[in-house]
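In: here is my input, please return the structure:
(one chain, ligands or ions: 1)
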Amino acid sequence: MRAFVPLLPPECSKPDFMKSPFDKFQEETLKSLANQVSASLGTSVILPASGWAAMLRGLRGDCPRCGGARLFLRFLKPIPLCPRCGQDWTLQQADDFPAYVSILMTGHLMAPLIITLIRETDLSVPAVMAIVVSLALILMIGMLQPAKGAIIALQWWFGMHGFRKERLGAILDETEA
Ligand SMILES: [Zn+2]
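Out: Numbers count the residues shown, from 1 in each chain. Below you'll find the model as predicted:
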């Protein structure tokens, strides 16, 4: 019986369409982050004292776990690995919740302003629209990153999506929790 001969030799394999052109960049970023983590392994990590403290760190765009490094690699892309404490942030699942929070907050902040503009001023409708739309966009986009940081911080604090629940001065493990 003849053995199965593949049509293409292994070295001319088809291009891997699942691999994105950014994978190389990703791999290099991960490698340099891993190096930074190993360099800072001796430094102590100060965990936040409360969920609010963790949220505050996230709001400022800092790592909720150690507060000593940036949480975001790009505008809404969290760093895969904290360069200071080594926390894996790929576990976060903020999804579209930050956008939901930003829209909700923008609506509540804008409503009194819209009412005041219409009641107290004689501005034309296009003028009111120009102010309202531009301000709403600025608020919405401005709140996206802090909202995402705070949501990731809460997910980490409550040990959601595979995050390890850690508390200041106490070591929690799965059997205790
Ligand atoms: Zn950290």
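In: show me what from the chain comes close to the ion.
Out: Contacts of the chain with the ion, taken as Cβ under 5 Å from the ion, map to Cys63, Arg65, Cys66, Cys82, Arg84, Cys85, Gln87. (Each C-beta comes from the backbone N, C-alpha and C, glycine too.)
In: hang on, isn't Gln93 packed against Ile151?
Out: No - using Cβ atoms under 8 Å, Gln93 is not in contact with Ile151, being 9.2 Å away.
In: between the two, who's got more neighbours?
Out: More crowded of Gln93 and Ile151, by other Cβ atoms under 10 Å: Ile151, with 21 against 13.
In: and the pLDDT at the more buried one?
Out: pLDDT for Ile151: 94.
In: pull the contacting residues for the nearest residue to Leu81 once chain neighbours are set aside.
Out: Spatially, and ignoring its direct neighbours in sequence, Leu81 is nearest to Leu33 (4.6 Å; Cβ to Cβ, 6 or more residues apart in numbering). Listed by Cβ atoms under 8 Å, 6 or more residues apart in numbering, the contact partners of Leu33 are Ile79, Pro80, Leu81, Pro83.
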